[in-house]
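>>> Task: produce atomic coordinates for the following.
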Amino acid sequence: MTESDLPVVQLTPGRWGDPAHPVDLPAAAREALKHLGVHRPAPAPSAAAGGESELSASQLGFLTAVVGSQHVASDWDSRWAHTRGYSTTDLLRFRAGDTSDMPDAVVYPATHDEVQELLTGCAEHDLAVVPYAGGTSVVGGLAPTRRFVTVDLKRLDQLLELDEISRTATLQAGVRGPAAEALLAERGYTLGHFPQSYEGASIGGYAATRSSGQSSAGYGRFDQMVVGLTVATPSGTIELGRAPMSAAGPDLRQLVLGSEGAFGVITSVVVRVRPRPTERHFEGWRFDSFEAGLTAVRRLAQDGPLPTVLRLSDEVETAVNLADPDVLGGGSGGVLAIIGFDGPYNQATADVLTAAGGQNLGEGPGETWRTGRYRAPYLRDPLLDEGALVETLETAAFWSRIPALKAAVTEAVTGALSATPPLVLCHISHVYETGASLYFTVICAQADDPVEQWRTAKHAANQAIAAAGGTISHHHGVGTDHRDAYAAEIGPLAIEALQAVKHTLDPHNVMNPGILLPEERPLTSS
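Numbering: from 1, shown residues only. Predicted coordinates for the structure are as follows:
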């Protein structure tokens, strides 16, 4: 089975993935947790009482008039299932029965026009709106600063057009990743976008967060795939992308991409597609050190030939061996690089790795990584069950800054969690001619307040990233978790410019208030 064959997974509130396919921790992992001082916590309470919908009869009447009463849900289960996202702190708050951040209702429009009508009328009815499709945010992108209704786009789930001459596809925003691949595969094409959230994430979410998938070396990031989009805003509809490239002013597509629902709701995108590969090859390569592997992947990124997938784990991640949940902790020696090809094997890429000191380990490690990749996130829930704190963070920088940035973040997180000494793992999974991303996984024993424990560590990491010249996010987005750091990164004048855009498109601050940008104006229809 390849990524293109994976099914859509209906995520469970408060736990990642399909509950019918849980992952058990291997014995080696349980033993390793003992050395970190991990102890199973007390049973989590049920969701606390309260959190009742505060919709007025007038507000409910407006919503039902737009989409029909059968497509407005204000029951507990529907609202609980649309509460927050899937960061570790989100899951911990679920486990604690925290009912804050629940929407007052979930609305299911079926067309762009229905979305537009909802947004146009929301200011008049004092309703804030959170766009939702896959719900896989890990940066607080679904928890605004005021009460709100969720606009779930799951009914916008169609492939509207496939232009085989231009090789573009128009997909509605609610199409989930595996469903998009299945629709395209019927015609012999692939999007080639496979983030680790692929089982649950959506086309609209990819665009709204500038998602990047495992095959980015070959296919590019999602924002590089988008050639056009349609967005509904409280002030009206915007359609962008008349041609693949243009010199007609600034490219406003790039203003919408990464906007995280702060300006409006992306209802469809036009994306570049490619013929579906008839073969795929994955293999593992060993290097003596992360520095040696870093030199090798930089050579490929700058001088080619690039594979479709290019990934390098550091010594700790290689030893822990997150690639294979069945043998977690079974890695040994040096560092592991993964290369993958969509299409024929490219010996020239292998020659560059050999010349840089790499040892070809064959297809075994590559296939283990490929087949285990989407199982790895399922490990988080049993780790939390055992009393471990496990979370990720990511950044990117120019090549010359990567070593110092990696060291600074590792030191900052280790220092912030000194009371519960952590394992800090790191890998590179997205490369460019001028730089690369760094993705960290942190594992330690939970403290008495694990939410605050991680917030303290994340704050230290954010400060280290800024000081070392990295960006606050390469592909997870901003949400609320990175909002202040993002403002510091781009500066007050740039924030003022973006707030001016928001004021034009969303003058009453209907859209995802407090997400991406500091909130200035309260929701009001006056």
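>>> that's a helix at residue 223, yeah?
Yes - assessed by DSSP: H, G, I helix; E, B strand; the rest coil, residue 223 belongs to a helix.
>>> these two touch, right, it and residue 256?
No - with contact defined as CB atoms under 8 Å, residue 223 does not reach residue 256; the gap is 9.9 Å. For the C-beta atoms, the positions are set from N, CA and C on the backbone; glycine is no exception.
>>> list the residues that contact both of the two?
With contacts taken as CB atoms under 8 Å, 6 or more residues apart in numbering, the residues that reach both residue 223 and residue 256 are residue 207.
>>> okay, those two: which has more neighbours?
residue 256 (24 against 18; other CB atoms under 10 Å).
>>> Surely residue 374 touches residue 196?
Yes - Residue 374 lies in contact with residue 196 (CB under 8 Å); the separation is 7.0 Å.
>>> contact partners of the helix ranked longest in the chain?
Ranked by residue count and defined by DSSP state H, the top helix of the chain is helix 450-467. Outside helix 450-467, the residues that touch it by CB under 8 Å, 6+ apart are 88-89, 92-93, 96, 389, 391, 393, 395, 405, 408-409, 411-413, 415-417, 420, 422, 440, 442, 446-447, 471-472, 481-482, 485, 488-489.
>>> For that helix, what is the distance to the chain centroid?
Taking CA atoms, centre = their mean, to the nearest Å, the mean C-alpha location of helix 450-467 is offset from the chain mean by 19 Å.
>>> now swap in stretch 389-402 and tell me
That offset, for stretch 389-402, works out to 14 Å (CA atoms, centre = their mean).
>>> those strands in the stretch 51-200 of the chain, which residues are they?
For the stretch 51-200 of the chain, the strands defined by DSSP state E, counting those that start in this stretch cover 72-73, 106-107, 129-132, 149-152, 159-163, 168-172, 189-190.
>>> looking at those strands, which is closest to residue 500?
Closest to residue 500 of the strands of the stretch 51-200 of the chain is strand 129-132 (CB to CB; 20.4 Å).
>>> Outside of the closest one itself, which residues are in contact with it?
Contacts of strand 129-132 (CB under 8 Å, 6+ apart): 82, 103, 106, 118-119, 122, 142, 144, 148-153, 204, 208, 261, 265-266, 510-512.
>>> Export the strands of the stretch 51-200 of the chain as CSV, with columns for distance to residue 347.
What follows is these, written out as CSV (distance: least, CB to CB, whole Å):
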stretch, distance to residue 347
strand 72-73, 55
strand 106-107, 52
strand 129-132, 46
strand 149-152, 48
strand 159-163, 34
strand 168-172, 32
strand 189-190, 24
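>>> For residue 336, find the nearest of the ones you listed.
Nearest to residue 336 among the strands of the stretch 51-200 of the chain is strand 189-190; the distance by CB to CB comes to 26.3 Å.
>>> For the closest one, which strands pair with it and how are they oriented?
strand 274-275 (antiparallel) (DSSP bridges).
>>> Export only the CA atoms of the following helix or strand past the strand it pairs with, formatted as CSV.
Following strand 274-275 in sequence order, the next helix or strand is strand 280-287 (DSSP states H and E). C-alpha atoms of strand 280-287 as CSV (Å, rounded to 0.1, in the frame of the first residue of the first chain):
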residue,chain,number,x,y,z
ARG,A,280,8.5,4.2,-5.8
HIS,A,281,11.8,3.4,-4.2
PHE,A,282,12.9,4.1,-0.6
GLU,A,283,16.2,3.3,1.0
GLY,A,284,18.2,4.1,4.1
TRP,A,285,21.7,5.6,4.3
ARG,A,286,24.0,5.7,7.3
PHE,A,287,26.4,8.5,8.1
